[in-house]
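S.K.: Predicted model and sequence below, questions to follow.
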Amino acid sequence: MYYKARSYKIFYAFNFAFLLIMSVTCILPLVHIFAVSLSAQAPANANLVGLWPKGFNIEAYKQTFSNPNFMRSIGVSIERVVLGTGIGMAVTVLTAYPLSKMHLRFRGRALYTWFFVFTMLFNGGLIPTYIVVQKMGLMNSIWALVLPGAVSAWNMVLMMNFFRNVPREIEEAATIDGANHFRTLLSIYLPLSLPSLATLSLFTMVAHWNSWFDGMIYLTDAPKWPLSTLLQTIVVTQDFSKINLQPEDVKLISNATVKASQIFIGAIPILLVYPFLQKYFVKGMVLGSVKG
Amino acid sequence: MNLNKKTSNMMRMWQLHVMLIPGIVLAVIFLYLPMFGLVISFQDFKPWLGFFDSPWVGLDNFRRMLDREDSLQVIRNTFFIAGLKIIFGLFVPFIFSLLLNELRHIFFKRMVQTLVYLPHFMSWVILGGILINMLGTSGPVNQLLGSWFGLDPIPFLVQGDWFRFTVIASDIWKEFGFGTILFLAALTAVNPALYEAAEMDGAGRWQQTMHVTIPAVTPIVVVLGTLSLGSILNAGFDQIFNLYNALVYDKGDIIDTFAYRVALLQTQFGFGTAIGMFKALISFVLIVVAYRMAYKFANYRIF
């Protein structure tokens, strides 16, 4: 067997070490920022903290959690994740179901499909979309974060492919028992594609939690910002042109440990759903990307 | 009977049309209306005049784009950064998955798999915040390089060429786990009998890799490579926006960030839209060509 050869054993040892280093690299930045957030101010401000806290304390988290702006932005983020995922998934499911009906004589199916697929190929881009959102009167409303991205052709195509795997016989049985399409979708298709629904929902949730740019351009009132936008503007790029800085705010942002704690809190929800993402990830990914 | 069946079929069909209504309404408003909004790239658009009353300027905005040194530089930067991201973004995961596939310690293999795609799910806001902190001239990375190798601080984020390097490397770092999983799925699908046969013929592991593994996964590499053609102008807005600063605009500014600045910050809407449209059109053509090619040569299709 090849793996008994001496040269292979040497290769294996190097390979093992290399892969170990590479995978540790993937979490080091998070460990670093976590260490900074738990350190004393002086070493953190002097950039002396590596991967282990210096002068351990949780003062930064106390300050962050007592900052009303920060807490409010978490609320906005949660609201947006719930609304965005709910509406996005509803639209995806409702659209994918009819488009998956290849065997029925559903007139216009090809046309509808192209109508949606075309949006994957071409888009109006930043400025026209911005103007449309503005003209719809959505500026400074949470709907500006939810509605423009509600239709995702990519999710639709994925869902459509999942729906196609539902055996047609079950659907026919339901039809004979008198179920209409809404009923079939609700009682047959949704329960049968629960794993894929969960996958897409998780991906949508992560996308909503992470997006910051729409909040930055559509919400001119800083108090309405979701967490990602707040982090992007105040913590990362330190652009204070859009907020009224209070003296206590200045203290918060000039402080490396508090900054680090805010960034780390922004990452926590992702870390929490990560095990679930992972569970469905490979399946969903492979299906979505390379389908024979 | 036949007629009856037909009418009941018709009765059921309207429900399918109804289901599509919410998606169509939202798509028309937020995806198709903006496409018509692209007319402002032929206008000297003034928000208070709107689409209909803004003065028409023909192709002036496009001419300006090709005349201005800064917009040409931005287009070059975009091609350069996106091109290298595509190339390395294909080969790094490919090599990595080959190496990972060699592991026989199942637990360790799982652990590596779990760790490497964590960054993929983090936003560039979070990662940008961390990287700015780590890669600063006095940050931990430069401190380490200084104390281990005696290097002078490297201007990762404040000097043009280093900035390009940082952008490409950090993007590969963030995304290689995602690609690795894909390739690994293809690797595990290789028929074990092929390896046994190769073994019988006296092939060592290196030869097995060269003659069994690589040919088996080449099609998926080619498909992914072809499809990524469509993103040759996607240099990564989120990433660059969160990492860049005025010091590196010459080498690090890309079409998307440039369009954002000229349009929404300097309110040159027409000019900004023209650049955006330039990008959208080229991408459109490339995506269509790429999907045609992938379909023709590898029978790939998305649905």
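M.R.: Nice, thanks for sending it over. Numbers count the residues shown, from 1 in each chain, chains lettered A, B, ... in the order given.
S.K.: Could you use CA atoms for every contact and neighbour count after this?
M.R.: Will do.
S.K.: For stretch A:134-147, output the C-alpha coordinates as PDB.
M.R.: Coordinates of the C-alpha atoms in stretch A:134-147 are reproduced here as PDB (Å, rounded to 0.1, in the frame of the first residue of the first chain):
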ATOM      1  CA  GLN A 134     -36.200  56.700  -2.900                       C
ATOM      2  CA  LYS A 135     -39.200  57.200  -5.200                       C
ATOM      3  CA  MET A 136     -41.100  54.400  -3.600                       C
ATOM      4  CA  GLY A 137     -40.900  56.400  -0.400                       C
ATOM      5  CA  LEU A 138     -38.900  53.700   1.400                       C
ATOM      6  CA  MET A 139     -36.100  55.900   2.600                       C
ATOM      7  CA  ASN A 140     -35.600  55.600   6.400                       C
ATOM      8  CA  SER A 141     -37.900  52.600   6.600                       C
ATOM      9  CA  ILE A 142     -37.000  49.100   7.500                       C
ATOM     10  CA  TRP A 143     -38.800  48.000   4.300                       C
ATOM     11  CA  ALA A 144     -35.900  49.400   2.300                       C
ATOM     12  CA  LEU A 145     -33.700  46.700   3.800                       C
ATOM     13  CA  VAL A 146     -36.300  43.900   3.200                       C
ATOM     14  CA  LEU A 147     -38.200  44.400   0.000                       C
END
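S.K.: Find the closest residue to chain B in the stretch 51-200 of chain A.
M.R.: Of the stretch 51-200 of chain A, the residue with the smallest distance to chain B, taken as C-alpha to the nearest C-alpha, is A:Gly124 at 4.1 Å.
S.K.: Mind checking what secondary structure that residue has?
M.R.: Under DSSP: H, G, I helix; E, B strand; the rest coil, A:Gly124 falls in the coil class.
S.K.: hang on, isn't it packed against B:Val28?
M.R.: No: in this structure, A:Gly124 sits apart from B:Val28 without contact. The criterion is C-alpha atoms under 8 Å, and the distance is 11.7 Å.
S.K.: Could you identify the helix or strand that succeeds the one helix or strand in chain A whose mean pLDDT sits lowest?
M.R.: Averaged element by element with mean pLDDT, DSSP states H and E, chain A has its least confident helix or strand at helix A:247-253 (a mean of 62). Proceeding C-terminally, helix A:247-253 gives way to helix A:256-289 as the next helix or strand, assigned by DSSP states H and E.
S.K.: List the residues that contact B:Gln159.
M.R.: When contacts are counted by C-alpha atoms under 8 Å, 6 or more residues apart in numbering or on different chains, B:Gln159 is found next to B:247-248.
S.K.: how close does it get to chain A?
M.R.: When C-alpha to the nearest C-alpha, to the nearest Å is the yardstick, B:Gln159 and chain A sit 17 Å from each other.
S.K.: try B:Gly129
M.R.: The gap separating B:Gly129 from chain A is 5 Å, by C-alpha to the nearest C-alpha.
S.K.: can you check B:Gly272 too?
M.R.: With the distance defined as C-alpha to the nearest C-alpha, B:Gly272 ends up 7 Å from chain A.
S.K.: count of neighbours near A:Met136?
M.R.: For A:Met136, the neighbour count with other C-alpha atoms under 10 Å in any protein chain shown is 12.
S.K.: Please apply the same query to B:Lys251.
M.R.: The local packing count at B:Lys251 equals 20, with neighbours defined by other C-alpha under 10 Å.
S.K.: now do B:Ala198
M.R.: B:Ala198 is surrounded by 17 other residues when neighbours are defined as other C-alpha under 10 Å.
S.K.: For it, give me its contacts.
M.R.: Taking C-alpha under 8 Å, 6+ apart as the criterion, B:Ala198 is in contact with B:208, B:212.
S.K.: Secondary structure element for it, which one?
M.R.: Per DSSP H and E, the secondary structure element for B:Ala198 is helix B:192-200.
S.K.: could you point out which element follows that helix?
M.R.: Where DSSP H and E defines the elements, the next helix or strand beyond helix B:192-200 is helix B:205-208.
S.K.: neighbour-wise, which of A:Gly124 and B:Val28 wins?
M.R.: Looking at A:Gly124 and B:Val28 with other C-alpha under 10 Å, you find the greater number of neighbours at A:Gly124, namely 24 against 17.
S.K.: And the more buried one, how far from B:Ile29?
M.R.: Taking C-alpha to C-alpha, to the nearest Å as the measure, A:Gly124 falls 11 Å from B:Ile29.
S.K.: same question, B:Phe176
M.R.: 36 Å.
S.K.: Between the two, which is the more surrounded one?
M.R.: In this view B:Phe176 and B:Ile29 are compared by other C-alpha under 10 Å, and B:Phe176 has more residues nearby, 24 against 17.
S.K.: Where does that one sit: helix, strand or coil?
M.R.: Of the three states, B:Phe176 takes helix under three-state DSSP.
S.K.: my read: it touches B:Leu118, true?
M.R.: No: using C-alpha under 8 Å, B:Phe176 makes no contact with B:Leu118, being 10.3 Å away.
S.K.: Now do the contacts for the closest residue to A:Asp221 other than its chain neighbours.
M.R.: Counting by C-alpha to C-alpha, 6 or more residues apart in numbering or on different chains, A:Asn140 is the residue found nearest to A:Asp221 once chain neighbours are left out, at 6.7 Å. Shown here is A:Asn140, whose contacts under the criterion C-alpha under 8 Å, 6+ apart are A:218-221, A:224.
S.K.: Now which of the residues you listed would you call buried?
M.R.: For the contacts of A:Asn140, a neighbour count by 16 or more other C-alpha atoms under 10 Å in any protein chain shown gives the buried set as A:218-219, A:224.
S.K.: From the residues you listed, pick out the ones that also neighbour chain B.
M.R.: Of the entries in these, not a single one is placed beside chain B under the rule of C-alpha under 8 Å from any C-alpha of the partner chain.
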